[in-house]
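Engineer: got a predicted structure plus its sequence, pasted below:
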Amino acid sequence: MDVTRTHTFQDVFTSRTTFWQKSLDEARATLETRWNQDMNQVPKPSDARHRCLTERRARLAMLLQTDQARWEAEMALMGQGRGQRKTLTVGEVEDVKARVDAPRRVREDRRNKAWDDCQSASVATNLDVRCAELKKVETAHSQERTLEAKKPALERAERARCMEEKRCRERERQKIHAEVLQKQMAELKEREEEAKHLARECVLLMREQEHLEMETRQRKMDEKRRKQAELGPHQHASSPNPRHCLNKHVEVKLRQRAREVQQDLEQDKKLLEAMEKADEERSTVAKERCERSLAESRWLCQVLEQQIELEKEREARMVYIPREEAERELQRREEKWERERMARVRLMEQLLEDQVQQVHASLIANRAKWEESIKNREYLIAQLEAEREKEKQEGLKKTMEMERWKDQLAAQVEEKNERFVKENDKRREENDTHRLEEERAEVIAAKMEDIRLTDFNQVICNHIITTPAHNCTKRGPAVR
């Protein structure tokens, strides 16, 4: 039986030695092949470099021979040469087995020691550690649940605050916008009133201008008729200023002439009163000129009234005047009346001309103001239309934003629900995975314990088998 075990061990040792020798030969052949390939690829070196390479190769060959000699000596010492079989003694077999099993025993001892340490630590602190870990996990889960429970409320509060701020800003903006619109509407109303007032003034000025022109034409026609009446039907208008007077009725002629002068004065007075009334009613830019014209008209009216009174007194004194004195008085009065009439005509023409110029200037100024008011009104209307269009666009934009916000809110709610479902599924999967891992770890630990006991029993059996008979009575290591 000992011989059989010895031959079996020798066969195993021989096969392993043959495998090592074959592997060494293959490695050596591979190295030589690579060396030759590298040498063939390397270009031809110089003499000094070639000499260094030759010396290096010699050293490497010497080292290789030394290693080969050592290996052969070791092989010979272990009991096998090249192609030879040698019977080992029991002591040599025990030594070889001890050398082979030593690393395995060291690893086994380390594994057993680590296992014992883990088991003792787990048994000693497993309950406390697990309790502490469970408390930490429960605390973390409770905090997460609290945060998850408070998160929707916080989000709602934040959204409510943002919406309230947005509404406040919108109210302020609308208030400011409403004030601006009210100011623009008031300004537009003022412009419209001003335009209507200017249009009325323009109409009045045009009427006044026409009235003045008509009065001027009427005065010229009256003057022409008076001259024709003085000249008579059979005398030409270009003849010298003759006097048609009745030889027997000088007093009647004098009275008639006085009445004509009074009628002229009354007509001039009426014209001045109409002009004064127009000046009082008319409002124009040239205020100082209007006041000056009004003062001149009033002064001229007073002068005309005094002249009318004076003519009436003169007419009253004409009753008891003799004929010769009446003729002389008529001649003298005619000359005076003519001078007064010419002065009065010049004054009236100048006054009418000034009045026409003032009316024309006022009409131009009013037309300019009216056109400017129309432009401002059109600008304000365009601005109001733009504001109305802007409000419409803002309303559409706000509606679109509300729709988009509703869509986003619905998407967020749906995403949150999906995330909640996924988190629940993930948590369930993690719990299942953790439970499976724990079960698997328990099964693996049980299997490792079985494997460890099986390996240890196999080692004991092999040791018992390979131990000589005189050593079988020794006590082996205790089985755990």
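Structural biologist: Done, it's in. Only a predicted model underlies this, so the values are computations on that prediction, with no experimental measurement involved.

Engineer: what's the domain layout of the chain?
Structural biologist: Domain segmentation of the chain under automatic domain parsing yields 1-46, 199-232+247-404.

Engineer: pick out the shakiest of those, pLDDT-wise.
Structural biologist: Least confident of the domains of the chain, judged by mean pLDDT, is domain 1-46 with a mean of 62.

Engineer: how about the helices in the protein?
Structural biologist: Taking DSSP state H as the criterion, the chain carries its helices at 2-41, 47-78, 90-231, 250-281, 287-317, 323-466.

Engineer: winner for burial among those helices?
Structural biologist: helix 250-281 (a mean of 17; mean count of other Cβ atoms under 10 Å). C-beta coordinates here come from the backbone N, C-alpha and C atoms, glycine included.

Engineer: then stretch 329-345 to CSV, C-alphas only?
Structural biologist: Extracted in CSV, the C-alpha atoms of stretch 329-345 (Å, rounded to 0.1, in the frame of the first residue of the first chain):
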residue,chain,number,x,y,z
GLU,A,329,-73.8,180.1,-43.4
LEU,A,330,-74.6,177.4,-46.0
GLN,A,331,-71.4,178.0,-47.9
ARG,A,332,-69.4,178.1,-44.7
ARG,A,333,-71.1,174.9,-43.5
GLU,A,334,-70.6,173.2,-46.8
GLU,A,335,-66.9,173.8,-46.6
LYS,A,336,-66.7,172.6,-43.0
TRP,A,337,-68.9,169.6,-43.6
GLU,A,338,-66.7,168.6,-46.5
ARG,A,339,-63.6,168.8,-44.4
GLU,A,340,-65.3,166.9,-41.6
ARG,A,341,-66.6,164.3,-44.0
MET,A,342,-63.2,163.8,-45.6
ALA,A,343,-61.6,163.4,-42.2
ARG,A,344,-64.3,161.1,-41.1
VAL,A,345,-64.0,159.0,-44.3
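
Engineer: once you drop chain neighbours, what's closest to Lys369?
Structural biologist: Leaving aside its chain neighbours, Lys369 sits nearest to Leu198 (5.2 Å; criterion: Cβ to Cβ, 6 or more residues apart in numbering).

Engineer: ok, now how distant is the one you found from Glu190?
Structural biologist: 12 Å (Cβ to Cβ, to the nearest Å).

Engineer: what's the answer for Lys150, then?
Structural biologist: Distance of Lys150 to Glu190, given as Cβ to Cβ: 59 Å.

Engineer: the residue nearest to Lys369 is in contact with Glu371, isn't it?
Structural biologist: No - between Leu198 and Glu371 there is no contact under Cβ atoms under 8 Å: 9.3 Å.

Engineer: got any residues that touch both of these two?
Structural biologist: Residues touching both Leu198 and Glu371 by Cβ atoms under 8 Å, 6 or more residues apart in numbering: none at all.

Engineer: please name the residues that touch the residue nearest to Lys369.
Structural biologist: Asn366, Lys369, Trp370, Ser373.

Engineer: from Ala186, how far out is Glu385?
Structural biologist: Using Cβ to Cβ, Glu385 is found at 17 Å from Ala186.

Engineer: scratch that, Gln358
Structural biologist: 33 Å.

Engineer: equivalent analysis for Arg159, please.
Structural biologist: Using Cβ to Cβ, Arg159 is found at 40 Å from Ala186.

Engineer: and Val100, by the same measure?
Structural biologist: From Val100 across to Ala186, the span is 114 Å (Cβ to Cβ).

Engineer: what pLDDT does Ser120 get?
Structural biologist: pLDDT for Ser120: 61.

Engineer: likewise for Ser239?
Structural biologist: At Ser239, the model reports a pLDDT of 39.
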